[in-house]
Structure formats: structure tokens, C-alpha cells
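Trainee: with the sequence up front, the predicted model follows.
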Amino acid sequence: MDFVSPSPRRLGLPGLAGLLAALAACAGRVPVLVPPSGGVEAVEGFGSASMRGEDVAVKGKFAFLFRRPGLGRIEAVDPIGRTAFLMIFREDRAYFVVPGKKAYAEEGPEAMMKRFLGISLPPDEVLRLLSGAWADTGAGSGWNVEQDEQGRVARGGRDGFAFTVREFFPGAGVPRDIGLSGPGTAGRMKVLKLGFNPPQLEAAFDVSFLRGYVLKTWAEILELPDR
């Protein structure tokens with residue numbers, strides 16, 4: 001699954017056109033990021049991923065929005081600016097959507113994230129990973145996280161999955177470059193732009209438009225020409 005840098009004009013996430021324009025304007029400058037004192041309920045931004053494994057091969061840039069509890073959206077586009085695919089997470093279900101083919105596949109959130117990154121993570125844990133905010137991770141979560149000498153969460157693992165923060169944004173422990181590994185999978189994710197607790201955009205997680213799409217199996221999605 002390869003995709004390339006999105007065009008701001010074609011992004012379906014409300015507000016992300018401005019975000020990507022700001023990203024271009026800030027090229028070469030690394031912003032100072034400090035999570036809000038009241039907690040991180042949502043993150044919105046732009047990043048890149050390079051993952052390879054037995055069941056996944058991803059390299060490219062994407063826009064993302066994750067909000068508690070269990071909501072998420074990832075969007076990537078093709079070389080000429082059309083939306084290549086969307087991934088929408090809604091608590092107990094997730095949808096991989098190919099707008100150009102009016103087709104989608106449906107699975108559980110962790111299974112769908114494994115399709116994308118090769119690692120089974122629910123949206124709320126992706127939010128923790130992107131924000132570096134692990135304070136609410138209880139003893140029963142199964143996570144084992146470690147801090148560096150500055151008190152930042154620098155690495156962690158659970159159930160065979162591990163992450164290592166290779167670089168932080170200036171500020172308060174927000175990851176910028178994250179190494180990822182899991183059974184048969186390894187790679188990295190880099191956050192190029194990140195914002196905390198953006199205005200609620202319920203339309204970003206709406207899937208009512210799928211009534212006009214065809215439900216397919218994952219195998220059928222992979223067989224779509226020029227997907």
C-alpha cells in the first residue's frame with residue numbers, strides 16, 4: 001500500500017487544508033509543542049509512515065484526526081491529488097474506503113489498524129502514542145512504558161508491540177519520530193504537524209455516505225485496479 005503527499009485542495013478532513021498550508025509555511029521550523037494541562041482528548045495533524053512486514057508495506061504521507069473515545073480518521077491521496085483511501089474508526093468498527101471505486105471494507109478497529117501499520121492498536125492508543133500523553137494508562141492496560149532522564153516517555157511495549165521515540169518536538173515530550181515494531185513488522189512514523197484538542201468535527205467520522213458504496217472483502221479491495 002503506497003501513497004504520496006496529499007494535496008490540500010482534496011483533503012476531506014475539515015480544517016486540514018489550512019493545517020497543510022501552515023505545514024508548508026513552517027518548513028524547516030520545528031514547533032514547540034506542549035500538551036494542554038487539562039489532558040489530550042484529540043489530536044489532528046499530518047505525518048508520514050514507512051512500515052514493512054509480512055502483511056503490510058506502507059510508505060507515504062497522510063492526514064489524521066483521532067478523538068476519544070475510539071474515533072479516528074486517516075486520509076491519503078494519489079499523485080494527482082485525488083483521495084486514494086480513507087480509514088474511519090468509530091469505536092467498535094472501522095472502515096477502509098476507496099472513494100474512486102465507491103467501495104469499502106469493514107472490520108474491527110485493531111484489525112484495520114493492523115492493515116495500515118502492521119500493528120494492532122485501537123484509536124485511543126494511537127492518540128497516546130502521537131501525543132506522548134500516557135499519564136492515564138492504568139496498571140491493567142498491559143502497557144510497560146519507560147521514561148528517559150528528562151521524564152519523557154521514550155519507549156514502551158505491550159503484547160509483542162514496541163515503540164521507541166527517536167526524536168521529540170521541543171517542549172514537553174511530544175514524539176516527532178517514532179520507531180515501531182511488532183511480530184514480523186518494523187518501521188517508523190514521523191509526525192510533521194500536530195495540534196491538540198481541535199474543535200469537534202463530527203462530520204469527519206460520519207459514515208452515512210457509505211450507503212452509496214459497495215461493501216467488499218479485504219481481498220476484493222486489494223484486487224481493485226489502480227487502488
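Mentor: Cool, the structure landed.

Trainee: would you agree L192 is in contact with S48?
Mentor: Yes. L192 is in contact with S48 according to Cβ atoms under 8 Å; the separation is 6.5 Å. Every residue, glycine included, has its C-beta placed from N, CA and C.

Trainee: buried residues, stretch 128-138. List them.
Mentor: By 16 or more other Cβ atoms under 10 Å, the buried positions in stretch 128-138 come out as 128-134, 137.

Trainee: do stretch 168-179 as well
Mentor: Buried-residue list, stretch 168-179, by 16+ other Cβ under 10 Å: 168-169, 173-179.

Trainee: can you get me the start-to-end distance on that stretch?
Mentor: 12 Å (Cα to Cα, to the nearest Å).

Trainee: same check, this time on stretch 146-166
Mentor: Taking Cα to Cα, stretch 146-166 runs 14 Å from one end to the other.

Trainee: tell me which residues are up against it.
Mentor: In this structure, residues lying in contact with stretch 146-166 by Cβ atoms under 8 Å, 6 or more residues apart in numbering are 119-121, 129, 132, 134, 141-145, 168, 172-173, 175-183, 188.

Trainee: if we go to 10 Å?
Mentor: By Cβ atoms under 10 Å, 6 or more residues apart in numbering, the residues outside stretch 146-166 that reach it are 117-121, 125, 128-129, 132-135, 137, 141-145, 168, 171-186, 188-190.

Trainee: just name the shakiest helix or strand of the chain by mean pLDDT.
Mentor: Among the helical and strand segments of the chain, the one scoring lowest on mean pLDDT, DSSP states H and E is helix 16-25, with a mean of 44.

Trainee: what's the mean pLDDT across stretch 180-192?
Mentor: When pLDDT is averaged over stretch 180-192, the result is 91.

Trainee: C-alpha coordinates for it, CSV please?
Mentor: Presented in CSV, the C-alpha positions along stretch 180-192 are these (Å, rounded to 0.1, in the frame of the first residue of the first chain):
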residue,chain,number,x,y,z
LEU,A,180,7.7,0.9,15.6
SER,A,181,8.0,-2.9,15.7
GLY,A,182,5.7,-5.9,16.1
PRO,A,183,5.7,-9.6,15.1
GLY,A,184,7.0,-9.7,11.6
THR,A,185,6.7,-5.9,11.2
ALA,A,186,9.1,-2.9,11.6
GLY,A,187,9.3,0.7,10.5
ARG,A,188,8.8,4.3,11.6
MET,A,189,6.3,7.0,11.8
LYS,A,190,7.2,10.7,11.7
VAL,A,191,4.8,13.5,12.8
LEU,A,192,5.2,16.5,10.6
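
Trainee: appreciated, that's everything.
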